[in-house]
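Enquirer: sequence and predicted structure, then a few things I'm wondering about:
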Amino acid sequence: MTAACAALLSFALAGCGTGGYTSEGSQGSGKKLFIQACGGCHTLADAGTAGTIGPNLDDAFAQAREAGMTSATFTQVVASQIRFPIENTSTGSPGMPGVDTTLPSCDDVEGDAFCVENQDQAVDDVAVYVGAVAGTGVTAEAPTDGKSIFTTTCGSCHTLSDAGTTGTVGPNLDAAKPAKALVIDRVTNGQGAMPSFKGSLDEAQIQAVAEYVSSAAGK
């Protein structure tokens with residue numbers, strides 16, 4: 001077993017001791033939650049997401065899967081990372097928000113903001129889904145319309161009412177109302193904590209998401 005696999009297994013076992021063993025979850029629900037809550041930060045081929053703020057989950061699990069580790073183990077790793085994330089990193093790079101930010105309970109949220117009725121079940125759903133598909137090589141058809149690209153790539157970091165997203169990592173786009181040219185520049189080149197997406201989105205996708213955001217923001 002490689003050192004990376006050994007480290008992953010060690011993390012999984014440690015997580016099981018603090019967060020409980022996750023085995024029951026809906027992959028269908030988990031996929032929807034992942035796209036809305038996690039896809040803006042993580043790449044996962046099956047979900048069609050291309051976030052680059054956090055680790056590429058296919059890359060993170062592919063080697064361990066090839067070495068014989070199971071989806072059940074990956075599920076424990078993901079559940080532990082969601083419940084007990086490293087919010088402040090030693091390198092200064094963006095950490096992973098706490099579960100009350102990524103999967104906020106509806107009891108704690110006002111209005112139409114994204115929330116989940118049962119936080120523990122939501123964590124289980126996401127963990128079971130990611131554990132089943134990460135690193136398998138299964139790839140979803142890449143979205144081409146601006147709204148879908150925004151939802152899978154940007155929504156977990158930005159609020160945009162038309163898309164039903166309530167991310168708070170980046171600017172509220174309804175308030176900012178960015179021009180198309182500005183969106184193209186930010187998506188292409190990034191700025192500050194926002195990474196460049198020119199390596200994960202092609203020119204047509206960047207144009208499509210920029211057109212969508214510039215026309216939908218503030219409406």
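Expert: Perfect, thanks for sending it.
Enquirer: tell me the contacts of the residue nearest to the spatial centre of the chain?
Expert: For the chain, C38 is the residue whose C-alpha lies nearest the centre (C-alpha atoms, centre = their mean; 1.8 Å). Neighbour list for C38: 44, 49, 51, 54, 102, 126, 156 [criterion: C-beta atoms under 8 Å, 6 or more residues apart in numbering]. Quick note: C-beta positions are derived from backbone N, CA and C, even for glycine.
Enquirer: report the rounded mean pLDDT for stretch 123-141.
Expert: The average of the pLDDT scores along stretch 123-141 is 90.
Enquirer: again with stretch 82-102
Expert: 87.
Enquirer: again with stretch 184-200
Expert: 89.
Enquirer: one more: stretch 67-76?
Expert: 92.
Enquirer: can you give me the buried ones in that stretch?
Expert: 69, 71, 73-76 (16 or more other C-beta atoms under 10 Å).
Enquirer: now these in CSV, with secondary structure?
Expert: Converted to CSV, the buried residues of stretch 67-76 look like this (DSSP: H, G, I helix; E, B strand; the rest coil):
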residue, secondary structure
M69, coil
S71, helix
T73, helix
F74, helix
T75, helix
Q76, helix
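Enquirer: what is the nearest of the residues you listed to G30?
Expert: When the buried residues of stretch 67-76 are compared for distance to G30 (C-beta to C-beta), T75 comes out closest, at 9.9 Å.
Enquirer: tell me the spacing between the nearest residue to the closest one once chain neighbours are set aside and V209.
Expert: Nearest non-adjacent residue to T75, counting by C-beta to C-beta, 6 or more residues apart in numbering: G131, 3.3 Å away. From G131 across to V209, the span is 29 Å (C-beta to C-beta, to the nearest Å).
Enquirer: repeat that for G137.
Expert: As judged by C-beta to C-beta, G137 and V209 stand 26 Å apart.
Enquirer: cool, and G28?
Expert: 26 Å.
Enquirer: okay, the two: which has more neighbours?
Expert: More neighbours surround V209 than the other of G28 and V209, with 27 against 10 (other C-beta atoms under 10 Å).
Enquirer: picking that back up, turn the buried residues of stretch 67-76 into a markdown table, columns for distance to C106.
Expert: Formatted as a markdown table, these follow (distance: C-beta to C-beta, whole Å):
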| residue | distance to C106 |
| --- | --- |
| M69 | 35 |
| S71 | 29 |
| T73 | 31 |
| F74 | 28 |
| T75 | 24 |
| Q76 | 26 |
